[in-house]
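Peer 1: have a look; sequence and predicted model below, questions after that.
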Amino acid sequence: MVLNGCAGAAVDRPDTSAQHLAGSAAESSAPVPNTARPAPAPIPGTVPPGMQYLYGSGEAAAISIQAWHALAGYVADKVKHGPTDSVVLDEGATLVDPRFVPCGAKPLAAVFDVDETVLLNLGFEGDDAAHPGRPYDPARWRAYEATGTTAVAPVPGAREALAAIRAMGVAVVFNTNRSAATAAFSEAAIDGAGIGPARHRDTLYLAGDDTTGTHKDARRAAIARRFCVVAMGGDQLGDFSDLFGGFGRSPANRRAATVAGPISHLWGAGWFVLPNPVYGTALTGSMDDVFPADRRWTAPKESN
């Protein structure tokens, strides 16, 4: 089955229903040439658990819809009551002292990452699943950006929530580490999935738009100069602040930074996280990192 970029929209699928086949047999007993396209061959391999969860499970879909409901509700409340500050950290702010860009009279906006936040990259991740053990290749990802524009689907709940946010008069802006060199293709992928419009340097900010590479704070600052950002959504901590990168890849330090102090009050109240157990900065940590020594347990030996 080939998907055209909208969830559930199948094309080029031969009718193999029992009713259709029975009717054809009744019409003629003579041999009929088989002109139907053969079914695609099954994809070899085993789907990794993280991909099973994110791309295939009802539970992941429910969490996504839940997050988008909460986000749209939060934005509606801000539209009704009016914000004083945005949810973008101001220059010089820290995670311990999180000061925010003032709103003034700027129009409202909500800012989102793209990949695995508003778009599911079924084509790229399916190709990865079919080739286990193959390392990530930036060139292959760039090729996917340019040729996989229909091999995506909207994250469950995103299309409806983004439409509702726009209907409130709030601009939807995307801030993603997709490449500025393939901007037109990213626009097409977002628009084709029904979650656009996305227009480069207007409502779509990309890696390469400035000199900071894949860091997003400079782009966030540029957006915050134009808009009062009332909500942000992403699947990585870097979708909210580059300051989280200062902790390196230490799981304990990154986790502590998310749950300590005033930052902890932003989750679900301006900053909204979507699940991604497939790739990214969250997927690190040894046994000692993840399971503290003072919380370990060993099953007792059975007594005879």
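Peer 2: On my side now, so go ahead.

Peer 1: report the secondary structure state of Arg178.
Peer 2: strand (DSSP: H, G, I helix; E, B strand; the rest coil).

Peer 1: check contacts around it.
Peer 2: 114-115, 145, 186, 206-207 (Cβ atoms under 8 Å, 6 or more residues apart in numbering). Placement of C-beta: from N, CA and C, glycine included.

Peer 1: switch to 10 Å and redo it
Peer 2: Arg178 sits next to 113-115, 119, 141-142, 145, 185-187, 189-190, 204-208 when contact means Cβ atoms under 10 Å, 6 or more residues apart in numbering.

Peer 1: what about burial for these, which qualify?
Peer 2: 113-115, 119, 141, 145, 185-187, 189-190, 204-208 (16 or more other Cβ atoms under 10 Å).

Peer 1: of the residues you listed, which belong to helices?
Peer 2: Using DSSP state H, the subset of these located in helices is 141, 145, 185-187, 189-190.

Peer 1: all strands of the stretch 51-200 of the chain, in order?
Peer 2: Residue ranges of the strands in the stretch 51-200 of the chain, as given by DSSP state E, counting those that start in this stretch, are 85-89, 100-102, 108-112, 119-120, 153-154, 171-179.

Peer 1: report the angle between the longest one and strand 108-112.
Peer 2: Inter-element angle recorded for strand 171-179 and strand 108-112: 30 degrees (by axes from the mean of the first three to the mean of the last three Cα atoms, to 10 degrees).

Peer 1: okay, buried residues for strand 171-179 please.
Peer 2: 171-179.

Peer 1: reformat those residues as a markdown table; add pLDDT.
Peer 2: Converted to a markdown table, the buried residues of strand 171-179 look like this (pLDDT from 0 to 100):
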| residue | pLDDT |
| --- | --- |
| Ala171 | 98 |
| Val172 | 98 |
| Val173 | 98 |
| Phe174 | 99 |
| Asn175 | 98 |
| Thr176 | 98 |
| Asn177 | 98 |
| Arg178 | 98 |
| Ser179 | 98 |
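
Peer 1: so Val118 makes contact with Ile165?
Peer 2: No. Using Cβ atoms under 10 Å, Val118 is not in contact with Ile165; the gap is 11.5 Å.

Peer 1: shared neighbours of these two, anything?
Peer 2: 68, 112, 172.

Peer 1: can you redo the ones in helices among the buried ones among the contacts of Arg178 as CSV with distance to Gly92 and pLDDT?
Peer 2: Formatted as CSV, those follow (distance: Cβ to Cβ, whole Å; pLDDT from 0 to 100):
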residue, distance to Gly92, pLDDT
Trp141, 34, 97
Glu145, 34, 98
Phe185, 36, 98
Ser186, 32, 98
Glu187, 34, 98
Ala189, 36, 98
Ile190, 33, 98
